[in-house]
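Okay, predicted coordinates and the sequence, questions at the end:
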Amino acid sequence: MHIGYVVKRYPRFSETFIVNEILAHERAGVPVEIFAVRRVNEPYFQSILGQVRSPVHYISDSTPKAEGLWTALKDGAKSLPGFWDNLERFRNEELPDVLQGIHLAIAARKAGVTHLHAHFATVATTVARIAACFAGIGYSVTAHAKDIFHADIDPLKLRPKLADAEAVVTVSDFNVDFLATTHGFRPPHVQRIYNGLWLDEFPYSSPATRPKHIVAVGRLVEKKGFSTLVEACALLDAAGQEFTCEIIGDGPQRADLAQRIEESGLSGKVRLAGALPRPNVITALQSAAVSALPCIVADDGDRDGLPTVLVEAMALGTPCVSTDVTGVPEVVKHGMTGLCIEQRNPKALAEALGAILENPAMRERLASEARAMIERDFDVDQNAAYLRTFFSARAATVALRRAAG
């Protein structure tokens, strides 16, 4: 088995779950090639990237002039069997996507890739679908959240990408149901495999004696619900609750959140820490009595699938408060592994945070149950092995189809 991972950009600061998955394959001795179809635009990177040994290939996304276009077509015809017949199949696709598909197919065949796997059902899957056809191999896709929920998603463009995939993986049972009811794709074509963690990186410790400190981690965007968190902190402050709160992350809502914090008189209690390296985030979560992620469904339909930071906090022994959005209740099981409240409800959020802050025994109980669940369902080595089972079976199916006809 030789896997080609296709992503929009590599690396991305917020997509450590993809890096975790690739590292798990590497630990299992499976060769991986990484293909990125857009240029990197990150100002900083996570230190975990230094552990990745798989080669990275950047597929040019520039559209050549006529001479370059003809060269690309000749290269494809020379290297890819059945090229002209396959090219006809994609006559309605965007030219840059087709050209990237040709370049990716050539690179994948040269590297000996037997299966392509794309993360996010957006341009990465578009290019992977085209490349797999040209290369005569199969592809699969992991669908997450924005790539299937956002209001801008065109079902007529999404469905062929999911239908032609040898398998569709998604990150929650909620997503499985959504793809079935909205797009008609059901198990076994669609499978839920949770994003996993390398558990050695997230040692458990009891939260019982931690200070009354709240930590929230995520991009400062609407769907994270941090405006609701600031409102909840104002209610806690008004009730005389002892606490501090740190919001880690950056994004377009930073100025608005800073203004809300100042106007609420919370400058001494709530701090915007900005984006931090992964080790610093882990340290911050380990020091907190509670982690808050009050996710909401944004006005444009965007929402989280199942935020990795919840899994990370639970692994470290930090009790979580989150909301009843998409797959979150599968992890934050109310009263068992955390507290799960309705979205956009600052009063309920304040009450849940206050209850955990004031009850060390509750913190201990929730944290212990959560860690047991993480060990059972979110071990990345175990979950990556499930993925490889799919990849291997699908690659064998494609080989049989090719041999038969």
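Looks like it arrived, so ask away.

Strands of the stretch 101-250 of the chain, start to end?
Counting by DSSP state E, counting those that start in this stretch, the stretch 101-250 of the chain has these strands, from start to end: 115-119, 138-143, 167-170, 190-192, 213-217, 244-248.

Go through those and pick out the most buried.
Mean neighbour count (mean count of other C-beta atoms under 10 Å) peaks for strand 115-119 among the strands of the stretch 101-250 of the chain, with a mean of 28. C-beta: built from backbone N, CA, C; applies to glycine.

That strand pairs with which strands?
strand 3-7 (parallel), strand 138-143 (parallel) (DSSP bridges).

what comes into contact with that strand?
1-7, 15, 18, 35, 104, 108, 124-125, 127-128, 131-132, 135, 137-142, 144, 166, 387, 391-392, 394-395, 398 (C-beta atoms under 8 Å, 6 or more residues apart in numbering).

Tabulate the CA atom coordinates of that strand in PDB.
Below are the C-alpha coordinates for strand 115-119, written out as PDB (Å, rounded to 0.1, in the frame of the first residue of the first chain):
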ATOM      1  CA  HIS A 115      -4.800   5.000  -3.600                       C
ATOM      2  CA  LEU A 116      -5.500   8.700  -3.200                       C
ATOM      3  CA  HIS A 117      -7.200  10.100  -0.100                       C
ATOM      4  CA  ALA A 118      -8.500  13.700   0.000                       C
ATOM      5  CA  HIS A 119      -9.300  15.700   3.100                       C
END
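
How far does that strand sit from its chain's centre?
On the basis of C-alpha atoms, centre = their mean, to the nearest Å, strand 115-119 sits 14 Å off its chain's mean C-alpha point.

what do you get for stretch 289-304?
Distance, centroid of stretch 289-304 to centroid of chain: 14 Å (C-alpha atoms, centre = their mean).

Between the two ends of that stretch, how far is it?
23 Å (C-alpha to C-alpha, to the nearest Å).

Report the secondary structure state of His57.
Under DSSP: H, G, I helix; E, B strand; the rest coil, His57 falls in the strand class.

Surely it is in contact with Ile34?
Yes. Using C-beta atoms under 8 Å, His57 is in contact with Ile34, at 6.8 Å.

Name the residues that touch stretch 244-256?
The contact list for stretch 244-256 (C-beta under 8 Å, 6+ apart) reads 211-222, 224, 226-227, 229, 233, 257, 266, 269-276, 281, 284, 288, 292.

Which of those are buried? Put it as a ChimeraX command.
In ChimeraX syntax, the buried subset of the contacts of stretch 244-256 is picked out as below (16 or more other C-beta atoms under 10 Å):
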select :212,214,215,216,217,218,219,220,221,222,224,226,227,229,233,257,266,269,270,272,273,275,276,281,284,288,292
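
Among the contacts of stretch 244-256, which ones are in helices?
226-227, 229, 233, 257, 281, 284 (DSSP state H).

Could I get the residues you listed in JSON lines, plus columns for pLDDT and distance to Asp381?
Output for the ones in helices among the contacts of stretch 244-256, formatted as JSON lines (pLDDT from 0 to 100; distance: C-beta to C-beta, whole Å):
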{"residue": "Phe226", "pLDDT": "98", "distance to Asp381": "33"}
{"residue": "Ser227", "pLDDT": "98", "distance to Asp381": "37"}
{"residue": "Leu229", "pLDDT": "98", "distance to Asp381": "33"}
{"residue": "Cys233", "pLDDT": "98", "distance to Asp381": "38"}
{"residue": "Leu257", "pLDDT": "98", "distance to Asp381": "37"}
{"residue": "Val281", "pLDDT": "95", "distance to Asp381": "22"}
{"residue": "Ala284", "pLDDT": "98", "distance to Asp381": "25"}
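
Format those as JSON lines; extra columns: distance to Leu306.
Converted to JSON lines, the ones in helices among the contacts of stretch 244-256 look like this (distance: C-beta to C-beta, whole Å):
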{"residue": "Phe226", "distance to Leu306": "18"}
{"residue": "Ser227", "distance to Leu306": "21"}
{"residue": "Leu229", "distance to Leu306": "19"}
{"residue": "Cys233", "distance to Leu306": "25"}
{"residue": "Leu257", "distance to Leu306": "23"}
{"residue": "Val281", "distance to Leu306": "18"}
{"residue": "Ala284", "distance to Leu306": "21"}
